[in-house]
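A.B. asks: my questions are about this predicted structure, shown below with the sequence.
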Amino acid sequence: MKETDNKTGAPAAGFLRGVWENAGMALVFAAMFAAAAMFVPYFFTVTNMKGLALSVSMVGMGACTMLFCLACGHFDLSIESIVAFSGVLAVVVANALSGSMSSFSSVALGMGAGVLAGTLVGVMNGVIVAKFGINALITTLATMQIVRGMALITSGGKAVGISDENFYRLGLSDLLGVPTPVLITVACFVIFGFLLNRTTFGRNTLAIGGNEQASRLAGIAVDRTKIAIFAMQGMVAGFAGVVLASRLTSGQPNIAQGFALEVISACVLGGVSLTGGVGTMPGVIVGVLIMGMVQNVMNLLAIEAFWQYVARGAILLSAVLFDRWKQRRFHR
Amino acid sequence: MANDSPYLQFRNISKSFPGVKALDGVSFSVREGSVHGLVGENGAGKSTLLKILSGAYAPDSGDMVLGGRPMVFRSTAEAFRNGIAVIYQELQLVPELSVAENLFLGHMPVRGGLLDRRRLREAAAAQLQTIEEGIDPATKVSRLPIAQRQMVEIAKALTRGARVLAFDEPTSSLTAREVAKLFSVIAELKRQGRSILYVSHRLDEIFEICDSATVFRDGRRIETFEDMGGVTRDVLVNRMVGRDIRDIYNYAPRQLHEPVLEASGLAGPGLSEPASFSVAGGEVLGVFGLVGAGRTELLKLLYGAVRKTGGTVRLAGEDVVIRKPADAIGRGMVLCPEDRKDEGIIPIRSVLENLNLSGRLSRGFFIFGDWEGMNAARQIERFRIKTPSPAQLAVNLSGGNQQKVILGRWLSEKVKVLLLDEPTRGIDVGAKSEIYAIMQSLARDGVGIVMVSSDLPEALGVSDRILVMRSGRIVASVDRNDATEEKLLKLALPAGPQAVAS
């Protein structure tokens, strides 16, 4: 393996190594982007770039915390239901409170309720996985269905329109021409990237994924770390749900189906290992961008939606095969 | 029988793994109809050589000559087809299939596309007959005792017409009678003109059945004895170790201080009786016993890795409550676990991360500046950890260096009590002696050390005092000056006419 020969600059070396290991994917992205800019009409326009950024913002947010979840050796499928439930709940609460208090308070409380609900689901996932040792796939498969049900129950099965226009601000405003959801996603990349690289919490996450028993014996509070990771995941999914409701001007109980797998795909494309212990934020960002760009280009080329599924699956498969090939070259 | 012509030759075989040269230009040959012993310390290169023979690894350079034809195997299947069979410690049988099915796995007799059960049974019975009677071909392998499974494994090799059979520590879990049976089978294989490679740590066995032997050390062939007559045990040991074995322990008498660890009435899973003992500051307390005597469990109970059901622990004169490893670490008691790969290192993370795993916990939430880089550099230097860079993945280090990383992990902490579980298992002699030196210097600084070991010379060489455990309880505490191999073994062995000691 090529190593950065740097005796003391540890975090910097780690970052560089992260870039190196993902350089393959980053180059693929750069090549695809250049090709799209040259050959796909309308691709490299301000409007389309804005649309592209907006379309990856949801997956980007989810991928930040999914990175932690995968890095510690687990999964979270329930986020797609959390997105729907928190959106619905935020709208229902905000609508119910509007009139009885200031517009700002009712909207803030509604959004707070959505985020809090997501966090609580995350805590529940974390406690079941960490304390009772139930497989995360099964646990979150179950909570995914429970929470989807909650979304349908809360909304009566129909989209709930937002009555207070202040609620739209989160999703439909922009700053210097950049949509707010995109800014939020960028902020997530920065915050969670910092959390992963520059805090004991982040390093412990990777250690747990690398060898849980050794981590425990080294004094790491394994269970507490896992619960925190799932709680974070639930919180971010809840927040993403609120942003989405704001963009769509309604809370929709059936939205975001398949979102969890999209997020996981983006992470895997970005070199995150499904068995835990390996993952970097730069990698995840590249993964998210590739997924979004492929989708965007196919839309611009008016490729039928049915074929888009085929293409996305094929890209994911070739990415992991490429990754395996790269690793095999190093190890044998 | 052409007893003098070499059937199998290794020519200049080298194999490197990241950071380690596992084999370095090894050449020797094995005659037809003879048993050739391979001896050497753990990590000397014997296993790597067998893996190259069996096609599991490809050599970086060099090749083998088999019956006059030079070759290198690219897969185990290819080696098998060419008449090579390696019989490993963990046997390679499918436990839920019958003996007969295992024998013919991959080339079962068929008739009209269907399995020909009768022919399978008959062929299996005929093959087994030549080796050991009394194994029913229809039995599931999982029902057979280890010794008989080994016979099935040998029979399986013979159904493929194996000309070369390599045995890797075949007697490690056999009783004396089963060993005798195995040796008579090996003698028969030899009489049939097959070439046998035999790897064992038990030198008595090497003298008993080998016609010739090759000694390995640090990946190199040190010497090949074509004739075992006149070779003594001391000569072999000397070649294996490469130095006088007595001085590797670095033992020097030390000043003992107040007790740093006092355990009384410790009870929990793995102990059949409450355990009480104490360790003084500056003392190295050995814990000796057979596998399964409860030594590892004792350490894990102390450390909080397994919840104890009773008893109290005092550290440096203070009562402490230890419910989880973090509690023990906070009080200055740390553990280097027995199973380095599963419980010690984080294989896919860097040396730097492995070194800082515990130290960073007490330094707050944020990681600023370059404390981690400096700490890692300091430990790498202090323990002379051989790694190309701190960013190297821990999995790529040799066993000895991995162990030093785990030791180094604890050295940014203020350690009062160091618990070591088999600290030198699978480590080459050079690294062993370095680890002993580290232990002695820590003890001189007043650290109390508890070292579990099943290596008797090591326990005798390093410890000030030795606790002997048997069937889940402490049966004796023997002072260094009163301890002999015989005495400790006698104490450790279960009463009654039992199996051989390991």
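C.D. replies: Received it, and whenever you're ready, just let me know what you need. Since this is a predicted model, take the numbers as computed values, not measurements. Residues are numbered from 1 along each chain as shown, chains lettered A, B, ... in the order given.

A.B. asks: skipping its backbone neighbours, what lies nearest A:F104 in space?
C.D. replies: Among residues not flanking A:F104 along the chain, A:N166 sits closest, at 6.8 Å (C-beta to C-beta, 6 or more residues apart in numbering or on different chains). The way it works is simple: take the backbone N, C-alpha and C, and place the C-beta from them, glycine included.

A.B. asks: ok, now which ones touch that neighbour?
C.D. replies: For A:N166, the residues meeting the contact criterion (C-beta atoms under 8 Å, 6 or more residues apart in numbering or on different chains) are A:103-104, A:107.

A.B. asks: can I take it that it is in a helix?
C.D. replies: Yes: going by DSSP: H, G, I helix; E, B strand; the rest coil, the assignment for A:N166 places it inside a helix.

A.B. asks: in chain B, what secondary structure element scores lowest on mean pLDDT?
C.D. replies: Taking mean pLDDT, DSSP states H and E as the measure, the helix or strand of chain B with the lowest value is helix B:233-241, at a mean of 80.

A.B. asks: starting at the chain centroid, how far to that helix?
C.D. replies: For helix B:233-241, the gap between its own C-alpha mean and the chain's C-alpha mean amounts to 19 Å (C-alpha atoms, centre = their mean, to the nearest Å).

A.B. asks: cool, stretch A:198-215 as well?
C.D. replies: Here the centre of mass of C-alpha atoms in stretch A:198-215, compared against the chain's by C-alpha atoms, centre = their mean, lies 20 Å away.

A.B. asks: who in the stretch 101-250 of chain A is up against chain B?
C.D. replies: The interface of the stretch 101-250 of chain A toward chain B, taken as C-beta under 8 Å from any C-beta of the partner chain, is made up of A:197-201, A:203-204, A:206-207, A:210-211, A:213-221.

A.B. asks: okay, the contacts of A:N166 in CSV with pLDDT, secondary structure and neighbour count next?
C.D. replies: As requested, the contacts of A:N166 are arranged in CSV below (pLDDT from 0 to 100; DSSP: H, G, I helix; E, B strand; the rest coil; neighbours: other C-beta atoms under 10 Å in any protein chain shown):
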residue, pLDDT, secondary structure, neighbour count
A:S103, 90, helix, 15
A:F104, 91, helix, 10
A:V107, 94, helix, 27
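
A.B. asks: let's have the residues you listed in JSON lines, adding distance to B:L285.
C.D. replies: As requested, these are arranged in JSON lines below (distance: C-beta to C-beta, whole Å):
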{"residue": "A:S103", "distance to B:L285": "72"}
{"residue": "A:F104", "distance to B:L285": "68"}
{"residue": "A:V107", "distance to B:L285": "67"}
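
A.B. asks: re the thing from before, the least confident helix or strand of chain B - contacts with which helices or strands?
C.D. replies: Where contact means 3 or more C-beta pairs under 8 Å, 6 or more residues apart in numbering or on different chains; DSSP states H and E, helix B:233-241 is packed against helix B:203-209, strand B:212-217, strand B:220-225.

A.B. asks: per-residue pLDDT, residue 219?
C.D. replies: Going with chain A. A:G219 is assigned a pLDDT of 90 by the prediction.

A.B. asks: that's the wrong chain, I wanted chain B
C.D. replies: pLDDT, the model's per-residue confidence, is 87 for B:G219.

A.B. asks: now do A:E21
C.D. replies: pLDDT for A:E21: 57.

A.B. asks: B:R314: neighbouring residues, count only.
C.D. replies: Using other C-beta atoms under 10 Å in any protein chain shown as the criterion, B:R314 is surrounded by 15 other residues.

A.B. asks: buried ones in whichever strand or helix holds A:G62?
C.D. replies: Under the criterion of DSSP states H and E, A:G62 resides in helix A:46-71. Judged by neighbour count (16 or more other C-beta atoms under 10 Å in any protein chain shown), helix A:46-71 contains these buried residues: A:48, A:51-71.

A.B. asks: can you show me the strands along the stretch 251-400 of chain B?
C.D. replies: For the stretch 251-400 of chain B, applying DSSP state E, counting those that start in this stretch gives strands covering B:259-267, B:275-280, B:284-288, B:310-315, B:318-320, B:333-336.

A.B. asks: any idea of the angle the second one forms with strand B:284-288?
C.D. replies: With axes from the mean of the first three to the mean of the last three C-alpha atoms, to 10 degrees as the criterion, the two stretches strand B:275-280 and strand B:284-288 enclose an angle of 150 degrees.

A.B. asks: give me the packing partners of strand B:275-280, helices and strands only.
C.D. replies: With contacts taken as 3+ C-beta pairs under 8 Å, 6+ apart, strand B:275-280 sits against strand B:259-267, strand B:448-453, strand B:473-479.

A.B. asks: enumerate every residue touching A:G51.
C.D. replies: With contacts defined as C-beta under 8 Å, 6+ apart, A:G51 is in contact with A:N296.

A.B. asks: can you name the residue of the stretch 201-350 of chain B nearest to chain A?
C.D. replies: The nearest approach of the stretch 201-350 of chain B to chain A comes at B:I346, 3.7 Å away (C-beta to the nearest C-beta).

A.B. asks: cool, the stretch 51-200 of chain B as well?
C.D. replies: With C-beta to the nearest C-beta, the shortest gap between the stretch 51-200 of chain B and chain A falls at B:A58, namely 8.1 Å.

A.B. asks: which SSE is that residue in?
C.D. replies: Counting by DSSP H and E, there is no helix or strand that carries B:A58.

A.B. asks: that one reaches B:M71, doesn't it?
C.D. replies: No: with contacts counted by C-beta atoms under 8 Å, B:A58 stays clear of B:M71, the gap being 11.6 Å.
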